[in-house]
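*Asks:* sequence and predicted structure below; questions after.
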Amino acid sequence: MLRIFMAVLMIPILFVVINHLNSDIQFVYPNSYRLFLYISNGGDGNIDVMKLNHETGNLTMVEKVPAGPNVMHMALSPDHRFLYASVRSEPFSIISYSINSETGKLTYLSKELLPDNMAYISVDQTGRFLLSVSYTGAKIAVNPIESNGLVQAEPIQVIPTGPNPHSILVDPSNRFVYVPHLGNDQVKQFLFNASTGTLTPNDPDVVYTKDGSGPRHFVFSPNNNFLYVSNELDGTVYSYEINNKTGILTEIQKISVFPPHTMNNELSSDSQDTTIKIADIHITPNGKWLYVSERATNTITAFSVDDNTGNLTYIGSYDTEEIPRGFNIDPNGNFVIVAGQKSDHVAVHAINPETGELKLLDRFESGNEPNWIEIVEFY
């Protein structure tokens, strides 16, 4: 009887392991499996909670939760118990919510001031620290998070930095932090103390991108060997190898998000008539496909990823919602879900597991100016 009992307990774990080891393996999800989507609507000042059907990609509205005018970037705790939202209207603040794992609904916990207008927030791998950057205020900040999930107002550290820092993430090992600076074409490198939450400049403390490239957002490969940066102003993605001992980045490739003939003849970044507005970047959980949003052409560009070298290969660009500022990929690597900041809709694209190509499945009404998406799964 004990063996039978233990086997039953292992079933949900087995689903998780299979799912994340190889997204190409087909299996039956447990009846308890749930996917929830969170969309910040800057114009409405609220957050949409939607349920995502893992088979069809269909979205069903669960609730709309008040946040504040110009609510934008959000971040999840590693255990998915809490959601954090940055309110980019005065007084600049961070809202902490708890997540109901059965319904996906949010419960307001607290609202605390942040040091500035924070364009990007993230949480370290322990869930004990909130990291943020101010694009307009040229600041990096670290705030403590209590065990009850509440972000504390008094920062551990506020670091004056270069112009226009645009994102901040700690790597999966929780030892290194990177901050792209759009204003001076640098990616700053820090050592992260997971005990105290403090940042110390690495040596060297920066890597450089091409002048005028405008590094914006970035992602880590699932194996933590590579880092990919989207460059807002010149339409490129930079690939870096991560030294897992030191955290130092080494550039290995830069590639355009546009087809070669288009970039050369129509969208050259040297042309005064050109507008390039690269935004968000995400990679599938199995590390096979990488996607980048481009707001001037309202497209998502797909790349294949070489797991050994880290190099990217252009697949194609796919039409999506107007001004795709933010998007995300579900934990199973089945869908790319895009927020159209000017369309007030989100689009669900299916990922071809063999080619990485995208197919539009449907679009769903959200709120006014949707701009960021977070996705959680529960068993």
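*Replies:* Nice, thanks for sending it over. Numbers count the residues shown, from 1 in each chain.

*Asks:* switch to C-alpha atoms for all contacts and neighbour counts from now on
*Replies:* Fine.

*Asks:* excluding chain neighbours, what is closest to residue 209?
*Replies:* residue 185 (5.3 Å; Cα to Cα, 6 or more residues apart in numbering).

*Asks:* swap in residue 165?
*Replies:* Distance criterion Cα to Cα, 6+ apart; nearest residue to residue 165, sequence neighbours excluded, is residue 181 at 4.1 Å.

*Asks:* verify the stated contact: the one you found with residue 187.
*Replies:* Yes. Here residue 181 reaches residue 187: they are 5.9 Å apart, a contact under Cα atoms under 8 Å.

*Asks:* who touches both of the two?
*Replies:* residue 215 (Cα atoms under 8 Å, 6 or more residues apart in numbering).

*Asks:* what strands flank the strand or helix carrying residue 35, and is each parallel or antiparallel?
*Replies:* If you go by DSSP states H and E, residue 35 is part of strand 34-41. Applying DSSP bridges, strand 34-41 is found paired with strand 46-52 (antiparallel), strand 370-378 (antiparallel).

*Asks:* report the rounded mean pLDDT for the first one.
*Replies:* Read that as strand 46-52. Strand 46-52 carries an average pLDDT of 98.

*Asks:* also the last one?
*Replies:* Regarding strand 370-378, the rounded mean pLDDT is 98.

*Asks:* CA atoms only for that strand - export them in PDB, please.
*Replies:* Only the C-alpha atoms of strand 370-378 are listed here, as PDB (Å, rounded to 0.1, in the frame of the first residue of the first chain):
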ATOM      1  CA  PRO A 370      -1.600  46.400 -22.200                       C
ATOM      2  CA  ASN A 371       2.200  46.300 -22.000                       C
ATOM      3  CA  TRP A 372       3.500  43.400 -19.900                       C
ATOM      4  CA  ILE A 373       2.600  39.700 -19.500                       C
ATOM      5  CA  GLU A 374       3.400  37.200 -16.800                       C
ATOM      6  CA  ILE A 375       2.300  33.500 -16.900                       C
ATOM      7  CA  VAL A 376       2.200  30.900 -14.100                       C
ATOM      8  CA  GLU A 377       1.400  27.200 -14.000                       C
ATOM      9  CA  PHE A 378       0.000  25.200 -11.100                       C
END
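
*Asks:* could you check that strand and say which residues are buried?
*Replies:* Of the residues in strand 370-378, 370, 371, 372, 373, 374, 375, 376, 377 count as buried by neighbour count, 16 or more other Cα atoms under 10 Å.

*Asks:* okay, the residues you listed in JSON lines with distance to residue 342 next?
*Replies:* JSON lines is the format used below for the buried residues of strand 370-378 (distance: Cα to Cα, whole Å):
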{"residue": "370", "distance to residue 342": "8"}
{"residue": "371", "distance to residue 342": "9"}
{"residue": "372", "distance to residue 342": "13"}
{"residue": "373", "distance to residue 342": "15"}
{"residue": "374", "distance to residue 342": "19"}
{"residue": "375", "distance to residue 342": "21"}
{"residue": "376", "distance to residue 342": "25"}
{"residue": "377", "distance to residue 342": "28"}
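
*Asks:* ok, so of these, who is nearest residue 217?
*Replies:* Closest to residue 217 out of these is residue 372 (12.7 Å), distances taken as Cα to Cα.

*Asks:* re the thing from before, the strand holding residue 35: how far from the chain's middle?
*Replies:* For strand 34-41, the gap between its own C-alpha mean and the chain's C-alpha mean amounts to 13 Å (Cα atoms, centre = their mean, to the nearest Å).

*Asks:* can you show me the CA trace of it as CSV?
*Replies:* Taking C-alpha atoms only, strand 34-41 is exported to CSV below (Å, rounded to 0.1, in the frame of the first residue of the first chain):
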residue,chain,number,x,y,z
ARG,A,34,-3.9,25.3,-14.5
LEU,A,35,-2.3,28.2,-16.4
PHE,A,36,-3.0,31.8,-15.6
LEU,A,37,-2.0,35.0,-17.4
TYR,A,38,-1.4,38.4,-15.9
ILE,A,39,-1.5,41.5,-18.1
SER,A,40,-0.8,45.0,-16.9
ASN,A,41,-3.0,47.7,-18.6
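
*Asks:* residues in contact with that strand: which ones?
*Replies:* With Cα under 8 Å, 6+ apart as the test, strand 34-41 has contacts from 46-54, 70-74, 102, 104, 339, 366-379.

*Asks:* buried ones among the residues you listed?
*Replies:* If we count by 16+ other Cα under 10 Å, those have these buried: 46-52, 54, 70-74, 104, 339, 366-377.

*Asks:* re the thing from before, what about the residue nearest to residue 209, neighbour count?
*Replies:* If you count neighbours by other Cα atoms under 10 Å, residue 185 ends up with 24.

*Asks:* for it, what are its contacts?
*Replies:* Neighbour list for residue 185: 208, 209, 210, 211, 212, 213, 214, 215 [criterion: Cα under 8 Å, 6+ apart].

*Asks:* how about a cut-off of 6 Å?
*Replies:* Residue 185 sits next to 208, 209, 214 when contact means Cα atoms under 6 Å, 6 or more residues apart in numbering.
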